[in-house]
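In: Quick one, what's the 3D model for this:
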Amino acid sequence: MKAHLLSLTALAVSAVIAVPAAAQVNGIGVTEPAIAIAGSKARAAAYQQIGQTYQAQLTQLQQLQTQRETLMRQFDTDNDGQLSDAEQQAAQANTTAVQQLQSLEQTINQTNAPIQLARIYAIEQIGTKYGQALQQVITANNIQVILTPQSIVYANDALDVTAKIVAQLDTLVPTVSTTVPAGWQPARQSVQLTQEVQQVLIQAAQAQAQQQAAAGQQPAPAVQGR
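Out: Residues are numbered from 1 along each chain as shown. Take a look at the predicted model:
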């Protein structure tokens, strides 16, 4: 499963930047922290636990988001899935719809808040070990330079350091807690990192859905969360 996620995240990133996701050659390594953390066992187990703990809230979120989409769809007169300037003006002129949307948005944010906080707490615990895992891989593989996928034009995906970092993370932090301590406030970097991890997971799910669609299979469930 871990290898499958890594291949999907690599595919998702490569689809965005049109180059392989990671490589290491002649002392150069390419990796992305969010991909490594997304592929870790601790992240997968934490998200599974959060999904179980907040199952009722996640179901409610799906229902609320469906309501919001239904409400917005009445203003999408050309059915293109987006609201043009004219369509937005028409929506804003409908005070009843605006109030309903505002109420839905507030409820969605309130329902999602504890779920997202638990995710950030889990990611922050893994993130504190990322630097150590990266350094171990750098030392073991005599890497002199680490680049991100966004900073390169081409990389040989036969030499992958991301999987090596994941292996170190799995050793350093095999599990994390998903119970957020009372009064805990996440660091700004942890919030950003969690958003990046979530984007990796969404891209992986999209890539998997495309693969399954091409093979005539049923798509996997969508990744929950905002």
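
In: ok, Leu71 - contacts?
Out: By CB atoms under 8 Å, 6 or more residues apart in numbering, the contact set of Leu71 is Ala97, Gln100, Leu101, Leu104. The way it works is simple: take the backbone N, C-alpha and C, and place the C-beta from them, glycine included.

In: and of those residues, the nearest to Gln57?
Out: Of all those, Gln57 sits closest to Leu104, with 15.0 Å by CB to CB.

In: and that closest one, how many neighbours?
Out: 17 (other CB atoms under 10 Å).

In: do you know how far it is from Val98?
Out: Using CB to CB, to the nearest Å, Leu104 is found at 11 Å from Val98.

In: my hunch is that Gln199 is in a strand, does that hold up?
Out: No - with DSSP: H, G, I helix; E, B strand; the rest coil as the criterion, Gln199 is located in helix rather than a strand.

In: That one and Tyr54: what is the separation?
Out: 20 Å.

In: Filter the contacts of Leu71 down to the buried ones.
Out: The neighbour-count criterion (16 or more other CB atoms under 10 Å) marks Ala97, Leu101, Leu104 among those as buried.

In: Closest one of those to Ile50?
Out: Closest to Ile50 out of the buried ones among the contacts of Leu71 is Leu104 (22.9 Å), distances taken as CB to CB.

In: Give me the nearest residue to the closest one, chain neighbours excluded.
Out: For Leu104, ignoring the flanking residues on the chain, the nearest one in space by CB to CB, 6 or more residues apart in numbering is Arg68 at 4.8 Å.

In: which strands and helices sit next to the helix or strand where Leu193 lies?
Out: Counting by DSSP states H and E, the element that carries Leu193 is helix 188-214. Contacts defined by 3 or more CB pairs under 8 Å, 6 or more residues apart in numbering; DSSP states H and E place helix 188-214 against helix 2-17, helix 33-38, helix 95-140.

In: which one of those is the most hemmed in?
Out: Greatest average neighbour count among the helices and strands packed on helix 188-214 goes to helix 33-38 (a mean of 26), per mean count of other CB atoms under 10 Å.

In: Show me what that helix packs onto, helices and strands only.
Out: helix 2-17, helix 95-140, helix 162-172, helix 188-214.

In: Of all those helices, which one is nearest Gln150?
Out: Smallest distance to Gln150 across these (CB to CB): 6.2 Å, for helix 2-17.
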